[in-house]
Every structure is written in C-alpha cells, then in structure tokens.
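>>> I need the structure of the sequence given here:
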Amino acid sequence: MLATDKVFAGTIPDIYDRYLVPLIFESYALDLAQRVTITDPKIMLETAAGTGVLTRAIAPLLPEYAHIVATDLNQQMLERAKTRQHSDHRIEWKQADALSLPFADRGFDVVACQFGVMFFPDKVRGYKEARRVLKPGGRFVFNVWDRISENEFANTVTEALAALFPHDPPRFLARTPHGYFDMERIHADVNAAGFSDISVDTVNGTSKTSSPLDPAIAYCQGTPLRNEIEARGATCLDDATKWAAEALANRFGTGEIEGRIRAFVVTAVR
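Residues are numbered from 1 along each chain as shown. The predicted model follows:
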C-alpha cells in the first residue's frame with residue numbers, strides 16, 4: 001500500500017460523500033448497522049468512520065442511553081461526517097488511529113469498521129487493538145470488498161485507466177480497497193489477534209446511478225485514486241474522469257446504469 005492510499009484530503013471527502021457513499025456504501029452500512037445493533041450495545045466504537053455513513057445508519061437504531069464513539073484517521077473526513085449528522089448527544093467524534101486506539105481496555109460492547117481494515121498497514125495489530133478495547137463477549141464487526149472483478153464499476157474504471165496510462169497504470173482500487181479479500185488470510189489474521197469465534201457472510205449488492213459520469217467522478221476524484229492520477233500530470237484528472245465515464249458508458253449504457261458489487265462481513269467475538 002502506498003502512503004497516499006490513506007490520504008483523504010482536499011476535496012476528496014466532499015466528493016466521496018456526495019458520489020461514492022450512495023453508490024456503494026449506503027446499502028452495506030444499513031446491513032452492518034443491523035448486525036451491530038441486534039446485540040443492543042450500550043457503548044460502541046466505530047473505527048475508520050469516514051464521512052459517517054455507518055454512524056448515520058446505526059444512530060436511529062440505538063436507544064437513548066447508548067453512546068457511539070466514531071473515529072477516523074483523517075480529521076477532514078470526520079469534519080464532513082459532522083456536517084451530515086443531526087445533533088445527537090449520543091455521538092462523540094474523535095480523530096484516532098485504529099492501530100493505536102486512545103481508549104482503555106475492555107471499554108466497548110461492539111467495535112465496528114465499515115470498509116476500513118483494508119487500509120490498516122498492519123491488519124493483525126489493528127485487530128488486536130479492537131480486541132483489547134472490547135469487553136469480554138463483545139463483538140468486532142467489519143466488512144471488506146471482494147476482489148475487484150466482482151465489483152463491476154470499480155473494475156471498469158481500473159481497466160480504463162490502465163489503458164489511458166499503459167506504462168504506469170494507477171492501481172489504488174485493486175491494490176487497497178479491493179486488495180484484501182482472501183478469506184483464509186483474513187480468518188488467519190483475525191485469529192492471530194486472539195479471536196477464536198469468527199464467522200463470515202457474503203453480501204451481494206447492486207450499484208445504481210443516474211449516469212456513467214457519477215461513478216467516474218466517485219472513483220477518480222472521491223478516493224485516493226485521485227492522488228495517483230494527479231501525480232501523472234496537471235490535466236490528468238479531467239482526462240481520466242472523462243475516459244472512465246466513456247468506458248462505463250460503453251459497458252453499461254449512457255442513461256441510468258447498474259453494476260454488481262460484493263463484500264464479506266466478518267464477525268468476531270472476544
């Protein structure tokens with residue numbers, strides 16, 4: 001993973017929240033929220049909260065006495081999350097590194113992470129931190145994307161950019177968000193962190209959008225893929241976005257389009 005793969009700065013948080021969240025994240029946030037709240041947690045921690053899509057999905061499902069601590073490595077992502085969330089005394093926003101959590105041992109009923117563990121430079125260390133802050137019997141719930149070929153819009157954009165930059169293709173999407181999908185490896189990593197009660201579910205979904213341009217903007221401008229594209233030249237971002245939109249239109253059509261998405265949900269009990 002490149003250092004820039006973790007940088008969500010500048011206009012990326014706003015574009016991410018406007019385009020990418022409804023495209024691929026909202027349906028999985030609703031799914032994960034149901035899995036988290038079924039245990040009626042009194043205090044929960046969210047790591048890699050991003051712009052708060054999971055936080056927004058969970059909050060209406062929890063009782064008045066519950067407390068959510070939503071954290072992310074990137075303060076700009078949390079600032080965007082705060083603007084999207086109605087005032088709620090139960091939610092605490094805090095900048096924090098999931099690999100070095102600033103919380104005491106055994107303090108949370110649930111730790112949840114929506115599509116964030118792929119960005120952990122040391123997966124086992126991140127899982128150990130989640131286990132450390134969980135109460136006995138507490139649950140660690142997270143999801144990861146399947147391989148990029150099972151996520152059609154992301155795959156199409158990646159293939160298009162490989163054609164546009166044949167000598168140095170930007171590989172962020174395949175390398176990081178879609179680079180941690182081997183269930184044997186994931187199970188082994190979670191087990192190495194001290195969890196033994198581990199289950200995995202496959203969740204299929206569909207991305208729907210009004211035009212091919214929206215997912216092109218979402219991926220090229222609303223993720224750290226942008227950092228790779230801009231490093232290739234001053235005009236490359238606009239060119240790449242247009243090129244990706246054309247590739248999406250050629251494959252899926254020019255009006256409303258939809259594509260397959262697939263993820264895995266992992267639940268581990270302390």
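>>> Only C-alpha atoms from now on, for both contacts and neighbour counts.
Will do.
>>> all helices of the stretch 151-270 of the chain, in order?
In the stretch 151-270 of the chain, helices defined by DSSP state H, counting those that start in this stretch lie at 152-164, 172-175, 183-192, 213-221, 225-230, 236-252, listed in chain order.
>>> Hmm, I typed the wrong one, I wanted the stretch 1-150 of the chain.
Using DSSP H, counting those that start in this stretch, helices in the stretch 1-150 of the chain cover 12-15, 26-37, 53-58, 75-84, 123-133.
>>> Of all those helices, which one comes closest to Pro177?
Minimum separation from Pro177 across those (CA to CA) falls at helix 123-133, 13.4 Å.
>>> what's the distance between the closest residue in space to Pro136 that isn't next to it in sequence and Val200?
The spatial neighbour of Pro136 that comes closest, neighbours along the chain excluded (CA to CA, 6 or more residues apart in numbering), is Arg270 at 5.5 Å. According to CA to CA, to the nearest Å, Arg270 and Val200 sit 15 Å apart.
>>> ok, those two, which is more surrounded?
Arg270 (21 against 16; other CA atoms under 10 Å).
>>> ok, that one - contacts?
Counting by CA atoms under 8 Å, 6 or more residues apart in numbering, Arg270 touches 131, 134-140, 194-197.
>>> What of Ala160?
Contacts of Ala160 (CA under 8 Å, 6+ apart): 243-244, 247.
>>> ditto for Glu256
208-212.
>>> phi, psi of the residue nearest to it when sequence neighbours are not counted?
Once flanking residues are discounted, Glu256 sits nearest to Ser210: 4.2 Å by CA to CA, 6+ apart. When read as degrees, to the nearest 10, the backbone of Ser210 gives phi -80, psi -20.
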